[in-house]
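**Student:** 3D, please:
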Amino acid sequence: MKFVEITDDLIAAPGEYILHEPTGQIVMCGSFNRHRNQIRAMGIGRMIEDKIENFKKIELTVEERHAHVRRCKGCGGS
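**Tutor:** Residues are numbered from 1 along each chain as shown. Sure thing, here's the model as predicted:
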């Protein structure tokens, strides 16, 4: 897992998990506003509103993604 800076060509989509660097929390993105340079996200029990620079996207490798996928027997997975 690595953390990637949110640049002009990258956005954080609502519902996506991102890192809030000042608190070190993984939070869920609620809204992304490039014009106001602001992200609103749900942290542990409260809303966090901060500058885009204070957040990073979470990038997983293919192996990390597959390690967390759980499928039911009806889908043919293990």
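
**Student:** contacts, neighbours, all on C-alpha from now
**Tutor:** Noted.

**Student:** hmm, residue 56 is touching residue 7, no?
**Tutor:** No: using CA atoms under 8 Å as the test, residue 56 is too far from residue 7 to be in contact (9.5 Å).

**Student:** the more surrounded of those two?
**Tutor:** Comparing residue 56 with residue 7 by neighbour count (other CA atoms under 10 Å), the higher total belongs to residue 56, at 20 against 11.

**Student:** name the SS class of residue 22, please.
**Tutor:** With DSSP: H, G, I helix; E, B strand; the rest coil as the basis, the three-state label of residue 22 is coil.

**Student:** residues in contact with it?
**Tutor:** Residue 22 is in contact with residue 54, counting by CA atoms under 8 Å, 6 or more residues apart in numbering.

**Student:** could you list the low-pLDDT ranges of the chain?
**Tutor:** Low-confidence regions of the chain, defined here as pLDDT under 70, cover residues 68-71, 73, 75-78.

**Student:** just the strands from it, written as ranges.
**Tutor:** Counting by DSSP state E, the chain has strands at residues 2-5, 17-20, 25-33, 38-42, 47-51, 55-59.

**Student:** okay, those strands in a markdown table with distance to residue 72 next?
**Tutor:** Listed next are the strands of the chain as a markdown table, based on distance: least, CA to CA, whole Å:
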| stretch | distance to residue 72 |
| --- | --- |
| strand 2-5 | 29 |
| strand 17-20 | 24 |
| strand 25-33 | 26 |
| strand 38-42 | 30 |
| strand 47-51 | 34 |
| strand 55-59 | 25 |
